[in-house]
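Chemist: next comes the sequence, and after it the predicted model I'd like to discuss.
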Amino acid sequence: MAVLPLVYLVVRSFERGGSVVWDVLARTRTAELALRSLTLAVSVTAACLVLGVLSAWLVARSDLPGRRAFGVLLVLPLAVPSYVAGFTWISVVPDLTGFAGAFVVLTLVSYPYVLLPVAAALRTADPSVEEVARSLGRTRRQVFFAVTVRQIRPAALAGGLLVALYVLSDFGAVSLMRYEAFTLGIYTSYRATFDRTPAAILGLVLVVLAIALTVGERRARGLVAHRGRRQPSAAPLGRARVPALAGTIALVLLTLGVPVVSLAWWLAAGTSTFSVTDVLATTGNTVAVSAFGALLTLLLALPVGILAARHQGRLARGVELAGFAGHALPGITVGLALVFFGIRFAPALYQTVPMLAFAYAVLFLPLAVGAVRTGVAHAPPVLEDVSRSLGHGRWRTGLRVTVPLAAPGVLAGTALVFLTCAKELPATLLLRPTGVDTLATELWTRTEVAAYAAAAPYAAVLLVVAAIPAVALDRFLLQDDSRR
Amino acid sequence: MSGLTVKRLVAGYGGDPVLREVDFEVQEGGLLAVLGPSGCGKTTLLRVLAGFHPASSGEVWLGERQLTADVPPERRGIGIVPQEGALFPHLSVAGNVGFGLRRGERGARVEELLDLVGLSGFGARMPGELSGGQAQRVALARALAPRPGVVLLDEPFSALDAGLREELRADVRATLRSAGATALLVTHDQEEALGMADLVAVLRDGAVAQLARPQTIYSSPADLGVALFVGEAVTFSGIARSGLVRTPLGTLPVSGEGHGTVLLRPEQLILGTDGVPSIVEDVLFHGHDASVLLRLADGTRVRSRVQGGVTGRAGDTVAVSVNGTALFFGDMP
């Protein structure tokens, strides 16, 4: 069901014959778009790998002062939607457009994709391997490159893949920075011309690029490092302590300080230029649309997630793959696919809330399936067996054992989907009913026409929405820690 | 409580039978250990008895009541203690123990059972705050609470440390006794089966190879396979004629004729001044006793188990004699 729109996109692309497809592909513009997207993806990924690995090492392995607090602060930018970050930067430094702007903004919001898995790998990697290397006569620096780098390679590659996919499918930052990458190219070709076939073809090319990247990373990942039982000891920074601290603080200021200060400034400067009722109405719209989307997604995810949790094997692996595919599916392509699909097969639904909710479901189904699966895994079948042997039937067992155990994970997942829907930009832009604006689309339209003060309140609300899961997630992790 | 009778039970997955004609009976208040290597069908047996897996044929009786396939797990009156306890993580210890009781009868009965397993005062704790042994005791109390006809214990001690395991075995046995419970313990650990149960059923390839008291299983195993599975052994192949068989340890009296295998337990090999000379190759000291690895004159290596006394050192020459009767298993034609 989730693949249906994509299949239709293929059909739609080839409808007018293979020669049209070939013409579109052979245009120099297509090559330019692809080259721009790939250049951006490669440079952002490289920058993120450097920033991510360095900061992960500082947080997980060094004696950096305040590394616990930094561990949280450095991850928070992940939650900031790229177009919100883009807005805050361009409204402060209007000259920062094009490649430089997109590069800076995307690097600053996506390096945590590398930081998180690498820090986790550094924390769990067996320190005795490093100790053996030291005892065999290697220096700390040699050990880092000969042993540690190998231990974190799979994590860093996985993180790098996420960054690259994020950049490829990003629409918000590149459109605000007017850097004509693939996603923006698709959007303009969809809006500007009467013939929408090229847009469909370009959308497919984007998916193919993303899938190729995913497959390539899986090949390159190699073996997962051996897990140790001990916590590695902190490496003393020595004289590097002050520059390391300064660098970390600078990173936090760039990623979090700039958005907050810039927002505060615009909010203070432009109180008269926006109406509170408008912002409230838009927030209401966003909540309604996202709630609908989250419920639909959950409904579709429940059977799949339960099956995947209870039956190992092919289905579980399929679900895992779908998770990656979910990251690889750009919102703009899904939006576009549903536009075509809607116009052709369900004109009554085209540009209605159910259609938009369905787009959210297609985009975020893997996220919800993962949450349901994790939730249900908290209620292993043996507990149900025990309950039944104690005299409770199937239904009472479900009510008293399975539901209470699985509910927290499933609800947290649904909340996460809800918040992710609220932040979604490209699909919403294409599919929203006429006159229904969400926070994301309002911010985008207003920034497009440089009405920064008017855009600020929407950015502020979005920033709050974005911060909720980050804070909640952190509390979840802390709770888990105390239980162990 | 009531006795459990299993007759010609067959069960499996798809076309493959895992249990082929299993028969046994547990007396009311008795403790039967089902002993077998992994993959012999122990888990399937438990799942069939508890009603989680259908039998292909055969009968299961709980006292006078036949448990046919259409009796669901919740109406069987069979309690289970899974591996590692499987306590409900969202309920307190008292909530776990009272899970199978009606609301009205909870309070007093929960206290009574926590007392029985030596955990009174633990009712308010959460499962995450218990040690492995405590969690197993709570799981036992939970299974016993609704006064089931039979309690099934699935390798309940396998996740515990050796010392704790020993202690808990004794406690569980005492608890089951004082509750008057009929119990069936499944394990792959021969020490556990022989040490805890009134009766042991050795399960092999989906059928009961021998059902007897622990002492009988050890001293008179039904066949060579059972003998090797339930304890360490020293074996020689030989030919028995007129009740005598020649072995590297001398000519031994056996019951049986023809080609076969002579089996001795390591504790039957006595080191001293009488007997066959042999060279000590190594001594493994265990504290309460020691294993002595010996090389006999013809090169055969055997193992003796010695309680204190003379053990010798590597390189010593000692004399080995046999104490008690040797077992003899004729070769299958």
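Modeler: Now that the structure is in, tell me what you want to look at.
Chemist: phi first, then psi, for B:Lys7.
Modeler: Phi and psi for B:Lys7, reported as degrees, to the nearest 10, are phi -120, psi 120.
Chemist: nearest to chain B: which residue in chain A?
Modeler: Across chain A, the shortest distance to chain B (Cβ to the nearest Cβ) belongs to A:Leu390, at 3.0 Å. Placement of C-beta: from N, CA and C, glycine included.
Chemist: just the pLDDT at the nearest residue to that residue once chain neighbours are set aside, thanks.
Modeler: Leaving aside its chain neighbours, A:Leu390 sits nearest to B:Gly100 (3.0 Å; criterion: Cβ to Cβ, 6 or more residues apart in numbering or on different chains). On pLDDT, B:Gly100 comes in at 90.
Chemist: pull the contacting residues for B:Gly100.
Modeler: Contact analysis of B:Gly100 by Cβ atoms under 8 Å, 6 or more residues apart in numbering or on different chains lists A:390-392, B:79, B:142, B:145-146.
Chemist: try it again at 10 Å.
Modeler: By Cβ atoms under 10 Å, 6 or more residues apart in numbering or on different chains, B:Gly100 lies in contact with A:386-392, B:74, B:79, B:106, B:109, B:142-148.
Chemist: can you tell me the SS state at it?
Modeler: On the three-state scheme (DSSP: H, G, I helix; E, B strand; the rest coil), B:Gly100 is labelled coil.
Chemist: so B:Thr235 sits against B:Phe329, correct?
Modeler: Yes - the pair formed by B:Thr235 and B:Phe329 meets the contact definition of Cβ atoms under 10 Å, at 9.2 Å.
Chemist: overlap in contacts of these two?
Modeler: By Cβ under 10 Å, 6+ apart, B:Thr235 and B:Phe329 have these common neighbours: B:224, B:227, B:261-263.
Chemist: give me the contact list for the helix or strand encompassing B:Phe329.
Modeler: Assignment of secondary structure by DSSP states H and E places B:Phe329 within strand B:327-330. Contacts with strand B:327-330, where a contact means Cβ under 10 Å, 6+ apart, come from B:219-227, B:233, B:235, B:238, B:240, B:243, B:245, B:252-265, B:268.
Chemist: mind doing that once more with 6 Å?
Modeler: B:224, B:240, B:254, B:256, B:258, B:260-263 (Cβ atoms under 6 Å, 6 or more residues apart in numbering or on different chains).
Chemist: for the residues you listed, give me JSON lines that also has secondary structure and distance to A:Phe145.
Modeler: Shown next, in JSON lines, are those (DSSP: H, G, I helix; E, B strand; the rest coil; distance: Cβ to Cβ, whole Å):
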{"residue": "B:Leu224", "secondary structure": "helix", "distance to A:Phe145": "59"}
{"residue": "B:Ala240", "secondary structure": "strand", "distance to A:Phe145": "70"}
{"residue": "B:Val254", "secondary structure": "coil", "distance to A:Phe145": "69"}
{"residue": "B:Gly256", "secondary structure": "coil", "distance to A:Phe145": "70"}
{"residue": "B:Gly258", "secondary structure": "strand", "distance to A:Phe145": "71"}
{"residue": "B:Gly260", "secondary structure": "strand", "distance to A:Phe145": "65"}
{"residue": "B:Thr261", "secondary structure": "strand", "distance to A:Phe145": "61"}
{"residue": "B:Val262", "secondary structure": "strand", "distance to A:Phe145": "63"}
{"residue": "B:Leu263", "secondary structure": "strand", "distance to A:Phe145": "60"}
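Chemist: tell me the one of those residues nearest chain A?
Modeler: Taking the contacts of strand B:327-330 together and measuring to chain A by Cβ to the nearest Cβ, the closest member is B:Leu224, at 36.5 Å.
Chemist: spatially nearest residue to the closest one (excluding sequence neighbours)?
Modeler: Take B:Leu224 and drop its neighbours on the chain: the residue closest to it by Cβ to Cβ, 6+ apart is B:Phe329, 4.4 Å away.
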